[in-house]
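S.K.: Please find the sequence and the predicted model below.
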Amino acid sequence: MTAHGGARSAHAERRVLILAPIGRDAELMCRMLEPDGFECLAFKAMSDLAGEARRGAATVIVHEEALGRQATALLEVIRQQPPWSDLPVVILTREGADSPVVHEAMITLGNVTLVERPVRVAALRSTVRTAVRARDRQYQTRDYLREREEADQRKDEFLAMLAHELRNPLAPIRNTISILRLSNGKQPASQLWEMMERQVGHMVRLVDDLLEVSRITRGKIELRKDRVELSLVIASAVETSRPLVEAGNHRLTIALPGDSLVVEGDATRLAQVFANLLNNAAKYTDPGGEISLTAAREEGDVVVRVRDNGIGIAPEALPRIFDMFMQAGLPGRSAQPGLGIGLTLAKSLVELHGGSISAASAGPGQGSEFRVRLPLAAAQAATEVRDAPPPSTGQRRRRVLIVDDNRDAADSLGALLEVLGAEVRVVHSGPSALETLERFKPEIAFLDIGMPEMDGYEVARRIRGMQEWRDLRLVALTGWGQERDRRQSKAAGFDHHLIKPADVSALQAVLNG
């Protein structure tokens, strides 16, 4: 291989690669291109050219005589290009009719320009300049895509960090509220606890929704599908939305058909869809309003309708009602709490289940209706849908170890678990946890993940490495809640992964398990 022409480019992407096995053709072409400042590399073998093309090239110039069987190496390079790339190939053909070899190359090599020999200097320079400009646009597209992937990754990392940092202070707040509610039920204190708990719950939902949108838009969400009875899904959604419905003094009616409606889906995600729709109806309906949820079979599908007699939706807002951060408020009314992503989440989750969602309204002040259509599961191979077992009433006093370097979170969780009937020991580091095992002999250990010196993963791995503690139930209690975090905690030996701030029912389930 020999190099000719102007100064070598600092980037391999600007090179012109030439395969001209006949005489001094390659050298002459490099001289023709010299005024344009291209770096030219000349080759005698296609395999050598293909190897350099993998490193980067602006364009490739090949004599017709070098094609045929030899073109396989170049074809392999072209087939392995990334989606943004379309390497320009200039074929210098013999004078006269097109040969079968040239015809085949045009089909297989893709971005091909034919130049008949003998070639004029101006024609060659013009062809190469055009190819290089086209290649530059490809590089611009690549750089744009790279910056945008990188931007998405930075956004996801920021949201995950934000969620973690917000969940940490929320944990002791929720724990303290739960303790106060459980230990003092008198008025007006109980009303204040309920109000504080609703607001904390609202903040938790906002954090969760932000992360959900990020995962869905990047295709990172995983559905855990099973055959589920729709009535149970709706019951779960109603229970989730009940505090908001009752706070607005709304009348909620549910009408479901008498026969079973079974869908193939993720029960938790579907409940999230209907809870979002009910929450939306409650927020945009004046106090004392009417909300209804109905379900019916329609041509092999089930259609669920959520109606309200609230403020309605303006006609110009309907086409954008499912857009991110869109809120359907009316002029002159204060904005409702929330980020305007609940309907976006609902639409994405419904479509992931193979369904569709739509909105309708007669206009401002006329209420609104949201329709969710989901395919019913096949009638055959129906599996029995069972209710969740009732919680244990005879809870035994468990010995529980709490390990968290955030003292407020650890101490408030310890106090809450004591109210729930557990015997608790609190420590604030991984080494202290390992030292406490033999003295305290816990049955359950709640471990924070992000501790200095020795994180929760390392504590869990060490515990699982001790034969006498392999039956100790390990619970990761952390602000990190993405799917990869759950996989990592499971790999480290945790039995459960709870997100801060954990609610009382989740903690009771662990104690009763």
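M.R.: Received the coordinates, thanks.

S.K.: where exactly do the strands run in the stretch 401-513 of the chain?
M.R.: Assignment of strands within the stretch 401-513 of the chain using DSSP state E, counting those that start in this stretch yields the ranges 423-427, 444-447, 473-478, 496-499.

S.K.: Need the winner for burial among those.
M.R.: For the strands of the stretch 401-513 of the chain, the largest average neighbour count (mean count of other Cβ atoms under 10 Å) is found in strand 444-447, namely a mean of 26. C-beta coordinates here come from the backbone N, C-alpha and C atoms, glycine included.

S.K.: so where is the stretch 151-300 of the chain shaky, pLDDT-wise?
M.R.: With pLDDT under 70 as the threshold, the stretch 151-300 of the chain has low-confidence stretches at 151-152, 155-156, 158-166, 168-169, 181, 183-221.

S.K.: redo that, cut-off 50
M.R.: Applying pLDDT under 50 to the stretch 151-300 of the chain flags no residue at all.

S.K.: ok so, going back, any chance of the strands of the stretch 401-513 of the chain in a markdown table, plus mean pLDDT and distance to residue 404?
M.R.: As requested, the strands of the stretch 401-513 of the chain are arranged in a markdown table below (pLDDT from 0 to 100; distance: least, Cβ to Cβ, whole Å):
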| stretch | mean pLDDT | distance to residue 404 |
| --- | --- | --- |
| strand 423-427 | 94 | 8 |
| strand 444-447 | 96 | 8 |
| strand 473-478 | 92 | 7 |
| strand 496-499 | 90 | 12 |
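
S.K.: Residue 272 is nearest to which of those strands?
M.R.: The closest approach between residue 272 and any of those, judged by Cβ to Cβ, belongs to strand 496-499 at 14.7 Å.

S.K.: contacts for the closest one?
M.R.: Strand 496-499 is touched from outside by 167, 446, 473-479, 481, 485-486, 489-490, 506-507, 510, with contacts defined as Cβ atoms under 8 Å, 6 or more residues apart in numbering.

S.K.: rerun at 10 Å
M.R.: For strand 496-499, contacts defined as Cβ atoms under 10 Å, 6 or more residues apart in numbering pick out 163-164, 167, 171, 204, 207-208, 211, 444, 446, 449, 473-482, 485-490, 502, 506-507, 509-510, 513.

S.K.: Stretch 130-145 now?
M.R.: By Cβ under 10 Å, 6+ apart, the list of residues contacting stretch 130-145 from outside reads 11, 13-16, 33, 36, 38, 56-61, 81-90, 111, 113.

S.K.: and residue 19, how many residues sit next to it?
M.R.: By the measure other Cβ atoms under 10 Å, the count of residues near residue 19 is 26.

S.K.: again with residue 352
M.R.: Residue 352 is flanked by 17 other residues according to other Cβ under 10 Å.

S.K.: Local confidence estimate at it?
M.R.: Looking at residue 352, its pLDDT stands at 89.

S.K.: what's the closest non-adjacent residue to it?
M.R.: Nearest residue to residue 352, sequence neighbours excluded (Cβ to Cβ, 6 or more residues apart in numbering): residue 223, at 6.0 Å.

S.K.: Same question for whatever helix or strand residue 252 lives in: list its buried residues.
M.R.: Using DSSP states H and E, residue 252 maps to strand 251-255. By neighbour count with 16 or more other Cβ atoms under 10 Å, strand 251-255 contains the buried residues residue 252.

S.K.: So which residues of the stretch 101-250 of the chain form strands?
M.R.: Taking DSSP E, counting those that start in this stretch as the criterion, the stretch 101-250 of the chain carries its strands at 112-116, 226-229.

S.K.: Partner strands of the last one, with direction?
M.R.: Read it as strand 226-229. Each strand paired with strand 226-229, and its direction, by DSSP bridges: strand 262-265 (antiparallel).
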